[in-house]
Structure formats: structure tokens, C-alpha cells
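Q: prediction below, plus the sequence it came from.
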Amino acid sequence: MKILLTGFEPFGGEPINPSWEAVKALAGYRDAVVSLMLPCVFDKSLEVLGDVARALEPEIILSVGQAGGRSGISLEKVAINLNDARIPDNAGAQPVDSAVIEGAPNAYFASLPVKRLTAALKEKQIEAQVSFSAGTYVCNHVFFGACHLAQSLLSRPSVGFVHIPFLPEQAERNGHAPAMALAEQITALKVLIDALLAGGDELHTSAGTTH
Ligand code: PCA
């Protein structure tokens, strides 16, 4: 089993992005995880993801991003075909009301079992919820692009996206937003990987496109 696990470089003036810190720590986990850092840049992030995914042909693509202000782990259910950036990306682009991929469906659902994964986290006393919006910035862009890309890969990977909160030091700088320690974020990703490896049979049962 090959799992492509992605995190993002820092953005928005932050010196650190917990998604990459946690994803980096899982490299080689259970002999399955390949960790990849994506640029926080529209289009370029999908080029990097596409190149690595085509070379690796993973069974699972799980992307992780920072959601400052949210508490707990969010298992994203819906990716939408819309870029609408509140702040410029790391290359200075700020697309508004544009498609992630022209001609693609309006939305995809995660093909990973988000409810089962949320339950697995809660069982370990980690705060978690299903989320129905990954936003309209680079995280949703990557989630949507990964769902679309999955259809052209031979391995037909299941795709999911997880948003994680600020680290405590970031939260302090950002108006005392909710935070989660890096050790707990790493544990959360391990719980998700363990749950996915334990339930390989049902990976493809909840796939779907919305129109
Ligand atoms: N979070 C941003 C993009 C990169 C990241 O870690 C987002 O939620 O769109």
C-alpha cells in the first residue's frame, strides 16, 4: 500500500505550517507513507502533486492543510471547482471566481470514508469533525485537483483532505485562536493512516461526483 501524504509550505506571513511539520514526521510510517511538501501556490501545487502521483501511483492521496481559527481536525467532505482567494498565494496570484479546472464537474466528494475516519479520531479522544467546506483557497484547489487527477491514475487512488489547527505558538500570535500541539497533530495523522490501512476494503465505497 502506498499513501501519498501532502502538507503545505508556510503562507500568509506565518513562519511555519503545521501541515508540513506533521506530514514530514510521518515519512515512512507503516512502510506506506510518502511525504510531500506542496507550494502554497495555485496551479504549481497541482503540477507538483501530479508529477509525484503519476510516478508513485499511490492507492491513497491524503492532503493536509492549516486552517487557522478552526479547532480540532476537520475531515473535508466536499471539494469545489472554484478559486476565490482572500489573500495572494506565495507567488502573488489572487484568483477570484475562477475554475480550478475548466470543464471539470462543479464538485467532488472525498472518496475516503470521512465519517469512519472522524470516529477513529474521536475514539482516541482527539477533537474531530466532518467539514463541508475546505474554503476556496489553495487547500480546496489541491483537494479538487487531487480528486480530478485520481481518475486518470492507473491506481485509482482514494482521495481525502484534512484541515488541522494552528500550533500553540501560531495561535498566540493570531489573537489566541484555537490550537493543537504538534505531537497531537502527528498522533492524529497516525490514527488516520492506521484506520485507512485497517479498512482497505471499503476505500472505494463512498466515491462520488456531484453535479
Ligand atoms: N492552508 C491554506 C492553503 C495552505 C494551507 O496550509 C488553505 O486552507 O487553503
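A: That came through, no problem.
Q: element containing the residue lying farthest from the centre of the chain?
A: What lies farthest from the middle of the chain is G175; by CA atoms, centre = their mean that is 24.6 Å. For G175, there is no helix or strand it lies in under DSSP states H and E.
Q: quick one: pLDDT of L26?
A: Note for L26: predicted pLDDT of 98.
Q: which residues touch the residue nearest to it when sequence neighbours are not counted?
A: Closest residue to L26 apart from its sequence neighbours, by CB to CB, 6 or more residues apart in numbering: V33 at 5.0 Å. The C-beta positions use only the backbone N, C-alpha and C, and glycine is treated the same way. Residues near V33 by CB atoms under 8 Å, 6 or more residues apart in numbering: I3, L5, L26, A27, I193.
Q: and E123, how many neighbours?
A: E123 is flanked by 11 other residues according to other CB atoms under 10 Å.
Q: any idea how far the ligand is from it?
A: The gap separating E123 from the ligand is 26 Å, by CB to the nearest ligand atom, to the nearest Å.
Q: gap between that residue and A188?
A: Per CB to CB, to the nearest Å, E123 is found 12 Å from A188.
Q: now do L121
A: For L121 relative to A188 (CB to CB), the value is 6 Å.
Q: what do the two both touch?
A: Common neighbours of L121 and A188 (CB under 8 Å, 6+ apart) are I73, A128.
Q: how far is the helix or strand hosting E172 from where the chain is centred?
A: Element membership of E172, judged by DSSP H and E, is helix 168-173. The chain centre lies 21 Å from the centre of helix 168-173; the measure is CA atoms, centre = their mean, to the nearest Å.
Q: kindly check the end-to-end length of stretch 72-87 for me.
A: Stretch 72-87 has an end-to-end distance of 24 Å (criterion: CA to CA, to the nearest Å).
Q: give the buried residues for it.
A: 72-83, 85 (16 or more other CB atoms under 10 Å).
Q: cool, stretch 21-32 as well?
A: Buried, per 16+ other CB under 10 Å, within stretch 21-32: E21, A22, V23, A25, L26, Y29, A32.
Q: repeat that for stretch 125-139.
A: Within stretch 125-139, judged by 16+ other CB under 10 Å, the buried ones are I126, E127, A128, S131, A134, G135, T136, Y137, V138, C139.
Q: near the ligand, list only the ones from the residues you listed.
A: G135, Y137, V138, C139 (CB under 6 Å from any ligand atom).
Q: so who does the first one touch?
A: Put plainly, it is G135. G135 touches A67, counting by CB under 8 Å, 6+ apart.
Q: report pLDDT for it.
A: So, for G135, pLDDT stands at 98.
Q: quick one on the thing from earlier: need the contacts of V33 in JSON lines (columns: distance to the ligand and secondary structure).
A: Below are the contacts of V33 laid out as JSON lines (distance: CB to the nearest ligand atom, whole Å; DSSP: H, G, I helix; E, B strand; the rest coil):
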{"residue": "I3", "distance to the ligand": "19", "secondary structure": "strand"}
{"residue": "L5", "distance to the ligand": "14", "secondary structure": "strand"}
{"residue": "L26", "distance to the ligand": "16", "secondary structure": "coil"}
{"residue": "A27", "distance to the ligand": "18", "secondary structure": "coil"}
{"residue": "I193", "distance to the ligand": "19", "secondary structure": "helix"}
